[in-house]
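Peer 1: model this:
(chains A and B)
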There are 2 protein chains.
Amino acid sequence: MSETDPLVVFTPSGKRGRFPAGTPVLQAARQLGVDLDSVCGGRGICSKCQITPSYGDFPKHGVTVRDGALTEWNAVEQRYKDKRGLKEGRRLGCQARIEGDVVIDVPPESQVHRQVVRKAADARAVAMDPATRLHFIEVDEPDMHEPTGDLERIGRALKAQWDIARVTVAMPVLRGLQTVLRKGNWQVTVALHTPREGAVPQITAIWPGLREGGLHGLAIDLGSTTIAAHLTSLETGAVIASSGVMNPQIRFGEDLMSRVSYAMMNPSGAVDMTAAVLEAIDGLATAIAAEAGVERETIVETVFVCNPVMHHLLLGIDPVELGQAPFALATSDPVTLDAATLGLKALPASAQIYILPCIAGHVGADAAAVALSEQPGQSDDLALIVDVGTNAEILLGDKTRVLACSSPTGPAFEGAQISSGQRAAPGAIEAIRIDPVTKEPRFKVIGCDKWSDEEGFWQETAQSGITGICGSGIIEAVAEMRMAGLLDPSGLVGSAAATGTDRCIPEGRTHAYLIHDASAAGGPRITVTQGDIRAIQLAKSALYAGARLLMDERGVDKVDRVVLAGAFGAHISPLHAMVLGMIPDVPLDKVTSAGNAAGTGARIALCSREARADVERIVRQITKVETAIEPRFQEHFVNANAIPHATDPFPELAKLVTLPHVGFNTGGSGDDGGRRRRRRG
Amino acid sequence: MSETDPLVVFTPSGKRGRFPAGTPVLQAARQLGVDLDSVCGGRGICSKCQITPSYGDFPKHGVTVRDGALTEWNAVEQRYKDKRGLKEGRRLGCQARIEGDVVIDVPPESQVHRQVVRKAADARAVAMDPATRLHFIEVDEPDMHEPTGDLERIGRALKAQWDIARVTVAMPVLRGLQTVLRKGNWQVTVALHTPREGAVPQITAIWPGLREGGLHGLAIDLGSTTIAAHLTSLETGAVIASSGVMNPQIRFGEDLMSRVSYAMMNPSGAVDMTAAVLEAIDGLATAIAAEAGVERETIVETVFVCNPVMHHLLLGIDPVELGQAPFALATSDPVTLDAATLGLKALPASAQIYILPCIAGHVGADAAAVALSEQPGQSDDLALIVDVGTNAEILLGDKTRVLACSSPTGPAFEGAQISSGQRAAPGAIEAIRIDPVTKEPRFKVIGCDKWSDEEGFWQETAQSGITGICGSGIIEAVAEMRMAGLLDPSGLVGSAAATGTDRCIPEGRTHAYLIHDASAAGGPRITVTQGDIRAIQLAKSALYAGARLLMDERGVDKVDRVVLAGAFGAHISPLHAMVLGMIPDVPLDKVTSAGNAAGTGARIALCSREARADVERIVRQITKVETAIEPRFQEHFVNANAIPHATDPFPELAKLVTLPHVGFNTGGSGDDGGRRRRRRG
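Peer 2: Residues are numbered from 1 along each chain as shown, chains lettered A, B, ... in the order given. Below is the predicted model of the structure:
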């Protein structure tokens, strides 16, 4: 380029350079490293390289753009516009050639690494940098006089047309290579998987001709109880469909330790559990693809996040070591492999799998995903992040240091082991309020949003669709009972006599609170029993004790903010969580929900190689704390059994609520009618 | 190291350097890049690092070695000697430390890259450089307070103890990792596969403790008719056992083109043939390991050589494109994969497979292996190498240029499609002489070496163990019939009247030569029929025409020497091959046998990564000639039908033999009794 060549300025990047007249815009963009997409490699058929030239004076860029700065609209562009449409003012970067000084805007949809705002709760922007990308190539036909393999000619085409020096090929692709090449009449689109910038790409899929549809990936959050999958576009990062199934390993044991025990006790225990989970994932992948109308062959990448026991059972590694000190993982590094090696059948055999790194023997890739999604290491203030599930993953940190542990909360928070517990599904009570004077409940039922009372959307109802109480419902119920004076700080439910309400009914030698009784009509009778209270106390004590242990390690006795993550984190009322003593005392507006942060982390890793490198770095830097061997954990656990807590003060909570001073242990009456003040905001 | 430090000179390398007193010899060797082996990494248990110190004056090295140049014999060495024995004068390089100037000899068996002379026919030396090597490591136990995965601690041990910066792990190994580590009490031996110097090694096997036995590999010559496997030590390169089976694909078609047709005609044709050959290889691998008493888990590498159709069917690639012009291979590059991906079950799932590159659509990895073994590109004179099998691979070249083609000879040379044909097995006539005067045959039968006549080891016999005639036997029979005047140049067998012997018996409208008749005793009646002659003529014409085509390309009408390769190349009599016109005319002492050169090439590639790089380079440099589309091939083929040839002179042959001028076409008598002179040497 010489000083007399036309000057080209690209926006929004601001990259600029001079190019000889006649240079295609796409070529200029590539030479300057401007982020302009292309699948067809400049043949005017994929339309990924759309650009918008601007005309007039641009003092900011020191350029005046005149008519004729680009070559005229050509037949290729017209054909494309006729066939598929092209927005007014748009040109194809591979067709339009530079003739004079010009300012060229690259619209977001033409950027490879475009920022995509997902529609998920947190709307975090992800810079698209997927490991697998499409490349259209025209391959030389074989020549008997210069014999070369079809694969070698594909390699030459990638070198000549995309400047990719070397590739390898997955065996399943090699097996079908010749048919596809001939079907596409020597024009094919290959999916190249490049795990890291600079790595040798592998051809993991091939289609005849120009591949029209995009590539897809699955972000899978493999939990002890449920498996959730998000079918995601690898082009835009958008979630196309989400679906979930129960983890069929539940039949081998409800919680992690009972599954480890099953593996220890049964010779083929681990193998059976691996087979079960793979079959479930196959079913889920098939269903979600069918639901979204997406060909399974286009699902070229899958990312998993899971706890260590799920991680080992997914990979076919016996989890026995995770059941006993020192809780050694087979590997804590990220695992990459293909679908065939993993044993999945619903995905293409050469689909690439990435499993996030684990943090420690009890702190898995799910916690790593939360760390990726929530970035506590980027936080200015000290954040406590709890991912509530069958096991709670807990992260505490800020820019200086991040600590992590896990705590065995058990499935009570998910509505399991609760007398009237059920999954968060239509018919489940998900929120509840108990009048402090009348002790009468009002509640909200999933799938029933047509009733509301004067306060907003709460209403007493006896309608018959109620089937049970889910995790967020039971948490609120216990907290409301405490606030209404039906429960004392030790967790004992008072009698009708002690509480002054007939809803406190005898249940063996203890008492239960009756929420809803449709038994006369053959419906359910829903109570919160003393056993339910105990299960929630165990769970919340474990969660609080884990958080407290990290605070000890960090040398603090309070945190600046709390983030509730996990599939049902979004549904927990912060006030009720604090009344229960699930989380440490903070101002109420400092408790936020991160939604399914682990799933979000999985989606981020699915869409971005840089995010994978990021989470690998984050995991190395996290300080791991093992709760199982820490004597203080037991101490914290015992103290956290009281509601909200036996020893820790809750000054922020006290500003909002005065908890009644009741005590049912000795059968005494206590302050069972203590009014509570509640200040919102 | 300073100038006052002791000087250490290693022989035979001559490498030298000064080291502080107290430096172990093994460490000094490593720092100087001296080729001194070690599996245990200097712990005095593997004994791979044995060395011999020399004492006295060494003017050549400028050193005088005194007593005390090394530390005294120590307890570790004594324990090793007591347990396993140690040759007089030997020390363990990891135990003996340098105290003064010393000359140290590294015996061949302590060298990693030792030259190993194989026991095969050609006794070619192979420099051992296997892709997989053993490394003993001591791994840190897991620490709950600093949680790391077992794999990560293995990586740290390899870094600390072997200076290996990074490794990956095969999934099957990862699945069993934790058990082996604990069984070995945190001492394990890992097999590291490093395909190229500088590549990231992969852990492909792991054993508890110090692995005592060595590693093994299989070199497999996968032919259209037979599959031959050589179980080879990856430590010494020695062949431990060899075995073969028939290729079960024969039931789908005897020759390559009929198998391609089968794949074209039957939807699951290719899949069925792939399954059949994999099953056969599994059976062969199991049998050969059992025969040699070798654990299959130690077979960590397998190398295949095969023609292109076998290559594609092995890999599960439909060979249909190889059946029609332009004969495009799916890939001509070397293929690397693991046993599980290939679909072999008898080998460890992570055993590494290397398939040599193909040269062209009709010239396969078997020809590449011959080129590696015979190195025509290193030859000063112009060498013609023919690998005789169901398909003949033909190489012609010298230091300036190498050409290659293949020619469809069919299975006649292997005794198939011959009326009394059989494999080279006990009972088969493998050599024959016909008296030019009496027309009586004498022959040699495989498995019967107890008779001999005055000429050496030939004797007429009517013993009943004879079952048929094998490839080398039929070639000799046809050539002898021609020399004895029983056959005219066009290949017609004369009648009893025309030849003057009752052994020329009528066979329909043609004649046959009776070699052996045990039918009276219920045994076989073995004749060479006119059909047998025609089959041999077709085969030899194809072979000769291919050679002639390469000579045309090279612009020569004679070659300097001929190498007969192939499993039965060793058994072909050069004189008879020349009488038949199988090969061009050269002085008889310029015809040599290379034995099973393809199998040898496979073994070389199995033992040496450098050889793999070498064959990949060789293949790129070979000029490929496609016989199927070359009009001159047809012309050469027709001219080569005569015995020895219709137009090409055979001056060297004429010095040895005068072929009778006979002609049976018109029923004329011809010169049926013409004496032949034969000069040996």
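Peer 1: quick one: contacts for the nearest residue to A:Val200 once chain neighbours are set aside?
Peer 2: Distance criterion C-beta to C-beta, 6 or more residues apart in numbering or on different chains; nearest residue to A:Val200, sequence neighbours excluded, is A:Arg166 at 5.3 Å. (Each C-beta comes from the backbone N, C-alpha and C, glycine too.) Listed by C-beta atoms under 8 Å, 6 or more residues apart in numbering or on different chains, the contact partners of A:Arg166 are A:155, A:200-201.
Peer 1: ok, so of those residues, who is nearest B:Arg482?
Peer 2: A:Gly155 (51.0 Å; C-beta to C-beta).
Peer 1: which of the residues in the helix or strand where the closest one lies are buried?
Peer 2: Assessed by DSSP states H and E, A:Gly155 sits inside helix A:150-162. Under the neighbour-count criterion of 16 or more other C-beta atoms under 10 Å in any protein chain shown, helix A:150-162 has A:150-155, A:157-158, A:161-162 buried.
Peer 1: What of stretch A:537-550?
Peer 2: In stretch A:537-550, counting by 16+ other C-beta under 10 Å, buried: A:537-550.
Peer 1: so where is chain A shaky, pLDDT-wise?
Peer 2: Within chain A, the stretches with pLDDT under 70 are A:1, A:112-125, A:448-464, A:567-568, A:666-681.
Peer 1: which residue packs closest to the residue minimising distance to the centre of it, ignoring adjacent ones?
Peer 2: Nearest to the mean C-alpha position of chain A, by C-alpha atoms, centre = their mean, lies A:Gly599 at 1.4 Å. Leaving aside its sequence neighbours, A:Gly599 sits nearest to A:Asp221 (C-beta to C-beta, 6+ apart; 4.3 Å).
Peer 1: Wasn't the one you found part of a strand?
Peer 2: Yes - secondary structure of A:Asp221 (DSSP: H, G, I helix; E, B strand; the rest coil): part of a strand.
Peer 1: sorry, back to before: anything in the helix holding A:Gly155 near chain B?
Peer 2: Yes - judged by C-beta under 8 Å from any C-beta of the partner chain, helix A:150-162 comes into contact with chain B through A:150-152.
Peer 1: measure the closest residue to A:Met578 other than its chain neighbours to A:Thr71 for me?
Peer 2: In space, and not counting its chain neighbours, A:Met578 is closest to A:Leu653: 5.0 Å by C-beta to C-beta, 6+ apart. Per C-beta to C-beta, to the nearest Å, A:Leu653 is found 70 Å from A:Thr71.
Peer 1: can you check A:Ser258 too?
Peer 2: 70 Å.
Peer 1: now do A:Ala628
Peer 2: 70 Å.
Peer 1: ditto for A:Asp129
Peer 2: Distance of A:Asp129 to A:Thr71, computed by C-beta to C-beta: 32 Å.
Peer 1: do the same with A:Ala351
Peer 2: 42 Å.
Peer 1: Compare those two (neighbour count), which wins?
Peer 2: A:Ala351 (30 against 16; other C-beta atoms under 10 Å in any protein chain shown).
Peer 1: residue boundaries of the strands in the stretch 1-150 of chain A?
Peer 2: Using DSSP state E, counting those that start in this stretch, the strands of the stretch 1-150 of chain A run over A:7-11, A:16-18, A:50-54, A:56-58, A:63-65, A:91-92, A:102-105, A:115-117, A:125-127, A:132-138.
Peer 1: how close does A:His311 get to A:Gly223?
Peer 2: From A:His311 across to A:Gly223, the span is 12 Å (C-beta to C-beta).
Peer 1: which one of the two has more residues nearby?
Peer 2: Neighbours were counted for A:His311 and for A:Gly223 using other C-beta under 10 Å; A:His311 has more, 27 against 24.
Peer 1: ok, back up a step: tell me the most buried of the strands of the stretch 1-150 of chain A?
Peer 2: strand A:91-92 (a mean of 24; mean count of other C-beta atoms under 10 Å in any protein chain shown).
Peer 1: Determine how far that one lies from the middle of the whole chain.
Peer 2: 37 Å (C-alpha atoms, centre = their mean, to the nearest Å).
Peer 1: In TSV, list the contacts of A:Arg166 along with distance to B:Lys624.
Peer 2: Shown next, in TSV, are the contacts of A:Arg166 (distance: C-beta to C-beta, whole Å):
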residue	distance to B:Lys624
A:Gly155	18
A:Val200	27
A:Pro201	28
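Peer 1: nearest to chain B, of these?
Peer 2: A:Gly155 (8.5 Å; C-beta to the nearest C-beta).
Peer 1: follow-up on the earlier one: take the strands of the stretch 1-150 of chain A and write them to a markdown table, including distance to chain B.
Peer 2: Shown next, in a markdown table, are those (distance: least, C-beta to the nearest C-beta, whole Å):
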| stretch | distance to chain B |
| --- | --- |
| strand A:7-11 | 38 |
| strand A:16-18 | 37 |
| strand A:50-54 | 36 |
| strand A:56-58 | 49 |
| strand A:63-65 | 48 |
| strand A:91-92 | 34 |
| strand A:102-105 | 41 |
| strand A:115-117 | 32 |
| strand A:125-127 | 28 |
| strand A:132-138 | 16 |
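Peer 1: Let me know which of the ones you listed is the nearest to A:Pro326.
Peer 2: strand A:125-127 (36.5 Å).
Peer 1: about what we covered before: now the helix holding A:Gly155, how far from the centre of its chain.
Peer 2: 37 Å.
Peer 1: what lines up beside the helix or strand following that helix in the sheet?
Peer 2: Sequence order places strand A:168-169 as the next helix or strand after helix A:150-162, per DSSP H and E. The strands beside strand A:168-169 in its sheet (DSSP bridges) come out as strand A:202-208 (parallel).
Peer 1: got the angle for the strand it pairs with vs helix A:150-162?
Peer 2: For strand A:202-208 against helix A:150-162, the angle by axes from the mean of the first three to the mean of the last three C-alpha atoms, to 10 degrees is 90 degrees.
Peer 1: Check the offset of strand A:202-208 from the chain's centre.
Peer 2: With C-alpha atoms, centre = their mean, you get 28 Å for strand A:202-208.
Peer 1: Any chance you could list what contacts that strand?
Peer 2: So strand A:202-208 is contacted by A:132, A:154, A:167-170, A:173, A:176-177, A:180-181, A:183-185, A:187-194, A:297-298, A:300, A:338, A:348, A:350-352 (C-beta under 8 Å, 6+ apart).
Peer 1: packing partners for the helix or strand harbouring the residue nearest to A:Met578?
Peer 2: Using DSSP H and E, A:Leu653 maps to helix A:651-656. Packing partners of helix A:651-656 (3 or more C-beta pairs under 8 Å, 6 or more residues apart in numbering or on different chains; DSSP states H and E): helix A:574-580.
Peer 1: so after the helix it packs on, what's the next helix or strand?
Peer 2: Taking DSSP H and E, what comes next after helix A:574-580 is strand A:591-595.
Peer 1: Flag every buried residue along stretch A:580-598.
Peer 2: Neighbour-count burial for stretch A:580-598 [16+ other C-beta under 10 Å]: A:580-586, A:588, A:590-598.
Peer 1: Quick one: end-to-end length of it, please.
Peer 2: Chord length of stretch A:580-598, first to last residue, is 24 Å (C-alpha to C-alpha, to the nearest Å).
Peer 1: so how far is it off the chain centroid?
Peer 2: On C-alpha atoms, centre = their mean, the centre of stretch A:580-598 falls 18 Å from that of its chain.
Peer 1: Repeat that for stretch A:517-528.
Peer 2: On C-alpha atoms, centre = their mean, the centre of stretch A:517-528 falls 37 Å from the chain's centre.
Peer 1: Can you give me the end-to-end span of that stretch?
Peer 2: One end of stretch A:517-528 sits 12 Å from the other (C-alpha to C-alpha).
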